[in-house]
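>>> quick one, structure for this:
(chains A and B)
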Number of protein chains: 2
Amino acid sequence: MFPELKEKGERARQAARRLAVLDTATKNNTLKAIAETIMEREPEILSANDHDIDAGQEAGLSDAYLDRLLLTVHRLEGIAQDVLAVAGLPDPVGETFDARTLPNGLRISKRRVPVGVIGVIYESRPNVTVDISALCLKSGNAAILRGGKEAVHTNRALAGAIAEACKKSAVPEGAIQLFQSQDRALVKEMLTANQYIDMIIPRGGAGLHKFALNNATIPVITGGIGVCHVYVDRNADPDKAIPIIHNAKVQRPTVCNAMDTLLIHRDVAQDLLPKIAQDLAGAGVEMRCEQGALQILMGHPSVRSAGPDDFDTEFLSLVLAIKVVESIDEALDHIHQHSTQHSDAIITENYSTAMRFINEIDSAAVYVNASTRFTDGGQFGLGAEVAVSTQRLHARGPMGLKELTTYKWVVFGEGQIRE
Amino acid sequence: MFPELKEKGERARQAARRLAVLDTATKNNTLKAIAETIMEREPEILSANDHDIDAGQEAGLSDAYLDRLLLTVHRLEGIAQDVLAVAGLPDPVGETFDARTLPNGLRISKRRVPVGVIGVIYESRPNVTVDISALCLKSGNAAILRGGKEAVHTNRALAGAIAEACKKSAVPEGAIQLFQSQDRALVKEMLTANQYIDMIIPRGGAGLHKFALNNATIPVITGGIGVCHVYVDRNADPDKAIPIIHNAKVQRPTVCNAMDTLLIHRDVAQDLLPKIAQDLAGAGVEMRCEQGALQILMGHPSVRSAGPDDFDTEFLSLVLAIKVVESIDEALDHIHQHSTQHSDAIITENYSTAMRFINEIDSAAVYVNASTRFTDGGQFGLGAEVAVSTQRLHARGPMGLKELTTYKWVVFGEGQIRE
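Now for the predicted structure:
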């Protein structure tokens, strides 16, 4: 085992024990101190970021990549503001639920407690360093961070600011730690360090999630990958369908809750699909159509024939796969076969069809007459978003602070023994 | 991939989709039919069991092992009764919670849905075949079962009875399937068949749990291993301490929630420990003592010196490790270091000490003045027990039907789009 993993793992375990019983006021004051220290160290942090950006340009990173890496005064202020926002959220730790008194007089309840030590593996965005540290701290968890090598100087500067703020407070040393080593083998070891880490959160693309899932013995929060569907039913209201489709595809195409596949019922396709296509083409959307849709949209400059993988692709860009279906059953079957169980929507005015869709589609979020773009911790009122889970256990869909906790059973007795 | 895994996996997936929307009455009627069919086929099942018992005797299996394998008319009736009891439990599927209306008018809620397909890997007890099938069916999950080879004929007879009962009802074919192949390589493949299985439940000893955890990419419910502590504080009431300790160690020593380590405060050890030892010795308990406890109990015929591993051992027998501690802090430290986070108890009349123990010990169940033996789905009022989880995510401690479910977010809109 890497000595750094052993050393940081042991410190995180010790810190987690103390963090679990830290009061909310202390945690909030530490978060405020983190926000202040980040702003105080602005010149140092931005200079470290310059260093990473220069190295990235030399290494020939794409403009999109460099933009994710870039910090500005404005962005850094945004990061500090987000930390203050976390300080303002309710503390999930200590909540008592499912309380009852058993026939033998035992008083039992569940009490919300932190998960313990969270291992975070992420790529280029340096804001994750601060963002996830604040969320872990607020929920009483220790965090061990492994950022991408392209952001190494920025991450160190940010982690330094966090460490200094923690040092001045009652937060134990080792609460938030950033790996110094950039060795990829360390990531693999991290995924099986069950004695030190209780949960792995990968923040990045599909490749990172898959790598974590395949190599971890620690539970991994997988998610963030969405092949999302909108089904326009024969009873759809066009005045809802067109704006929702536009919003789901165009408003922010690079994210996981954007629409990838449009299904439309044959009975309305002839009339409605050309209007939808005109709207989408105006926004620069390329449409990849299977046979039925192609016949209706033939000749449209933004339309081409769908390839074999187009109905299983998260495009993350202004590309949309389109298919005409014969019935709600065909729509349900298609979604069952192709959905990544992230977010799927139906547009319909028919009550029974809406209910069937909601009942039978088993995705993290299922919608009637609304854009898939709402699948988001902030939009759903969780106050913060740790991740969007597309796995089925522990938490599904947007995860907030509560989803960084577990519970223990607390039992108060007066000498009870089992018969 | 084993053809049997592919075939059964695909059938289970199809079945799960239909099971998820099956009404409670149909599920309950099917459970009743399973109980009836098991009793109707009693001669066939017992004869299959004879076959397994004969083979086990020839193979030189231990008496304890053969006893776990053995079915009698009485035991089979008990198994059928347990299925009827599951029919009587509330159906967790469909429960709606955390419902609210967002400022934009979207109505969002979480709805409880089945996990999907549960893979169960178990050892000699044939009752697991029926027990887990009933729990999965009631919670709307499909199940793929892999029983131990020693019980192969019994398991096939029981699975045959279940299949026949399902066939007569609206439960889809493929809802409950038993692997025919006894190849161990199949188990390993099962653990990474993420496309077919959503959750793995190992039912067996520590070796099986570890094997599943180390080889699975599917989430595994680990648990059932308990190094459980009882700490007798300086303010303990002896009239509570002695019966609780007796109960926690003696009432059923072979199970995971039985006490393995007794910690006792130095201030009361001199007086109380000999009384405890006398009681335990009378019940046939062997006591393995560290230095401080040994000095007090020296010369007692059931007492010996503790070895280096005794404070990390789940004895599953009438053996107890004993240590004298100087303070509540030493007790907390010892438990933090040695506990498997299953069940730990304090005996005290001191309010603040009780609160510290409850707050600082982070086990699935923490007790004040009660026996650790209560950590059990039936005792905790869950109606049934799927497993006792010692992991931290998804569910902790006794798991009932609810813990075989997850949730989806249901969103009702009127055309909302994201700004």
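
>>> residues contacting residue A:193?
A:1, A:5, A:9, A:119, A:218 (Cβ atoms under 8 Å, 6 or more residues apart in numbering or on different chains). Backbone N, C-alpha and C define where each C-beta goes, glycine included.

>>> before we move on, what about residue A:187?
A:121, A:146, A:211.

>>> in which helix or strand would I find it?
In this structure, residue A:187 sits in helix A:184-190 according to DSSP states H and E.

>>> do the same with residue A:99
Per DSSP H and E: strand A:96-101 holds residue A:99.

>>> burial measure for the nearest residue to residue A:128 once chain neighbours are set aside, as a count.
Among residues not flanking residue A:128 along the chain, residue A:122 sits closest, at 4.5 Å (Cβ to Cβ, 6 or more residues apart in numbering or on different chains). Around residue A:122 there are 22 other residues, counting by other Cβ atoms under 10 Å in any protein chain shown.

>>> mind checking how far residue A:122 is from residue A:71?
Residue A:122 sits 15 Å away from residue A:71, going by Cβ to Cβ, to the nearest Å.

>>> now the end-to-end length of stretch A:89-107.
Using Cα to Cα, to the nearest Å, one end of stretch A:89-107 lies 30 Å from the other.

>>> how about the helices of chain A, start to end?
Counting by DSSP state H, chain A has helices at residues A:3-19, A:24-40, A:42-58, A:63-69, A:73-87, A:127-138, A:152-167, A:184-190, A:206-215, A:238-250, A:266-282, A:291-297, A:328-338, A:351-360.

>>> which of those helices sits most buried?
helix A:127-138 (a mean of 25; mean count of other Cβ atoms under 10 Å in any protein chain shown).

>>> what's the average pLDDT for that one?
In this model, helix A:127-138 has a mean pLDDT of 95.

>>> same thing with stretch A:17-33?
97.

>>> wait, what's in contact with the residue lying closest to residue A:183 once chain neighbours are set aside?
Nearest non-adjacent residue to residue A:183, counting by Cβ to Cβ, 6+ apart: residue A:2, 7.3 Å away. By Cβ under 8 Å, 6+ apart, the contact set of residue A:2 is A:181, A:183, A:185-186, A:189.

>>> residue in the stretch 51-200 of chain A with the shortest distance to chain B?
At 5.2 Å from chain B, residue A:198 is the closest residue in the stretch 51-200 of chain A, using Cβ to the nearest Cβ.

>>> got a list of what residue A:385 touches?
A:376-378, A:398-400 are the contacts of residue A:385 under Cβ under 8 Å, 6+ apart.

>>> how about the residues you listed in CSV, adding neighbour count, pLDDT and distance to chain B?
Listed next are those as CSV, based on neighbours: other Cβ atoms under 10 Å in any protein chain shown; pLDDT from 0 to 100; distance: Cβ to the nearest Cβ, whole Å:
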residue, neighbour count, pLDDT, distance to chain B
A:376, 18, 93, 8
A:377, 19, 92, 11
A:378, 13, 90, 10
A:398, 26, 95, 8
A:399, 22, 94, 12
A:400, 22, 92, 11
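
>>> find the pair from those residues with maximum spatial separation.
Greatest spacing in those, by Cβ to Cβ: A:378 and A:399 (12.1 Å).

>>> report the two of the contacts of residue A:2 separated the most.
Among the contacts of residue A:2, A:181 and A:189 lie farthest apart (Cβ to Cβ), at 10.2 Å.

>>> residue A:220 pairs with what?
With DSSP bridges as the criterion, residue A:220 is bridged to residue A:200.

>>> what is the burial count for it?
24.

>>> circling back to that earlier point, got the contacts of residue A:193 as TSV, with pLDDT columns?
Output for the contacts of residue A:193, formatted as TSV (pLDDT from 0 to 100):
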residue	pLDDT
A:1	90
A:5	97
A:9	98
A:119	98
A:218	93
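
>>> out of the residues you listed, which comes closest to residue A:177?
Out of the contacts of residue A:193, the member with the shortest distance to residue A:177 (by Cβ to Cβ) is residue A:9, at 9.2 Å.

>>> that closest one against residue A:196, yeah?
Yes - counting by Cβ atoms under 8 Å, residue A:196 is a contact partner of residue A:9 at 2.9 Å.

>>> intersection of neighbour lists for those two?
Counting by Cβ under 8 Å, 6+ apart, the contacts common to residue A:9 and residue A:196 are A:117, A:144.

>>> tell me the contacts of the residue nearest to residue A:128?
A:128-129, A:132, A:145-148, A:202-204.

>>> try residue A:351
So residue A:351 contacts nothing (Cβ under 8 Å, 6+ apart).

>>> tell me the pLDDT of it.
98.

>>> still on that earlier bit, narrow the contacts of residue A:385 to those in strands?
A:398-399 (DSSP state E).

>>> identify, from the contacts of residue A:385, the entry nearest to residue A:364.
For the contacts of residue A:385, the nearest to residue A:364 is residue A:398 (8.2 Å; Cβ to Cβ).

>>> if we can go back for a sec, what is the neighbour count of the residue of the stretch 51-200 of chain A closest to chain B?
22.

>>> how about it, phi and psi?
Residue A:198 adopts backbone torsions of phi -100, psi -20, taken as degrees, to the nearest 10.

>>> excluding chain neighbours, what is closest to residue A:178?
residue A:159 (3.9 Å).

>>> one step back: and the contacts of residue A:187 as TSV, adding distance to chain B?
Output for the contacts of residue A:187, formatted as TSV (distance: Cβ to the nearest Cβ, whole Å):
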residue	distance to chain B
A:121	16
A:146	20
A:211	11
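
>>> in a markdown table, list these along with distance to residue B:334.
What follows is the contacts of residue A:187, written out as a markdown table (distance: Cβ to Cβ, whole Å):
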| residue | distance to residue B:334 |
| --- | --- |
| A:121 | 34 |
| A:146 | 32 |
| A:211 | 38 |
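
>>> would a markdown table of the residues you listed with pLDDT be doable?
A markdown table is the format used below for these (pLDDT from 0 to 100):
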| residue | pLDDT |
| --- | --- |
| A:121 | 96 |
| A:146 | 96 |
| A:211 | 93 |
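
>>> which one of the contacts of residue A:385 sits closest to residue A:91?
Nearest member of the contacts of residue A:385 to residue A:91, counting by Cβ to Cβ, is residue A:400, at 12.1 Å.

>>> could you measure from the closest one over to residue A:24?
16 Å.

>>> same check on residue A:121?
When Cβ to Cβ is the yardstick, residue A:121 and residue A:24 sit 28 Å from each other.

>>> ok, the nearest residue to residue A:31 once chain neighbours are set aside - contacts?
Among residues not flanking residue A:31 along the chain, residue A:87 sits closest, at 3.9 Å (Cβ to Cβ, 6+ apart). Contacts for residue A:87 (Cβ under 8 Å, 6+ apart) come out as A:27-28, A:31-32, A:35, A:134, A:138.
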